[in-house]
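[1] Requesting a structural model of the entry that follows:
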Amino acid sequence: QLQLVESGGGLVQPGGSLRLSCAAPGYSLSYYAMGWFRQAPGKEREGVSCMSSVGGTTYYTDSVKGRFTISRDSAKNTVYLQMDSLKPEDTGVYFCAAAMRHGRSCPALEDEYVYWGQGTQVTVSA
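    A predicted model of the protein is given here:
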């Protein structure tokens, strides 16, 4: 069964950067749409970004547009989320997820994501 392992979280000052990684040891992510979600304390989980399996179509929630970049390295079976100009409101647990959708779109709804990582904590604070 596909397992996703996130890494790269941590404590960073406002305006700083982090790069999250989502690895799938032993599995190819080439046929999965991939998404990043986050959950802030006391709030529901929300979608942050996703990327299609074909063509590199991406989606970003409005609050991170221009600051976050999703990418994938097929050779390494890894998906990344580059986060720049971080703000305190970006604080939360970040999860990567895989959806069994092969094509030029990625799901906006988390219900379609079947496989989830354990999450990595991102804290933006001075």
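
[2] how about the residue minimising distance to the centre of the chain, what does it touch?
    In the chain, the C-alpha nearest the mean C-alpha coordinate belongs to residue 36, at 2.4 Å (Cα atoms, centre = their mean). In this structure, residue 36 makes contact with 20, 22, 47-50, 70, 79, 81, 94-97, judged by Cβ atoms under 8 Å, 6 or more residues apart in numbering. (Glycine included, C-beta is placed from N, CA and C.)

[3] residues of the helix or strand encompassing it that come out buried?
    Applying DSSP states H and E as the criterion places residue 36 in strand 33-39. For strand 33-39, a neighbour-count test (16 or more other Cβ atoms under 10 Å) marks 33-38 as buried.

[4] out of those residues, what pair is the most spread apart?
    Comparing all pairs in the buried residues of strand 33-39 by Cβ to Cβ, the longest separation belongs to 33 and 38, at 17.6 Å.

[5] Now do the strands in the protein.
    Along the chain, the segments classed as strands by DSSP state E run 5-7, 10-12, 18-23, 33-39, 46-51, 58-60, 68-73, 78-83, 92-99, 113-116, 120-124.

[6] average pLDDT across the first one?
    Confidence over strand 5-7, taken as the mean pLDDT, stands at 96.

[7] Neighbours of residue 8, how many?
    For residue 8, the neighbour count with other Cβ atoms under 10 Å is 16.
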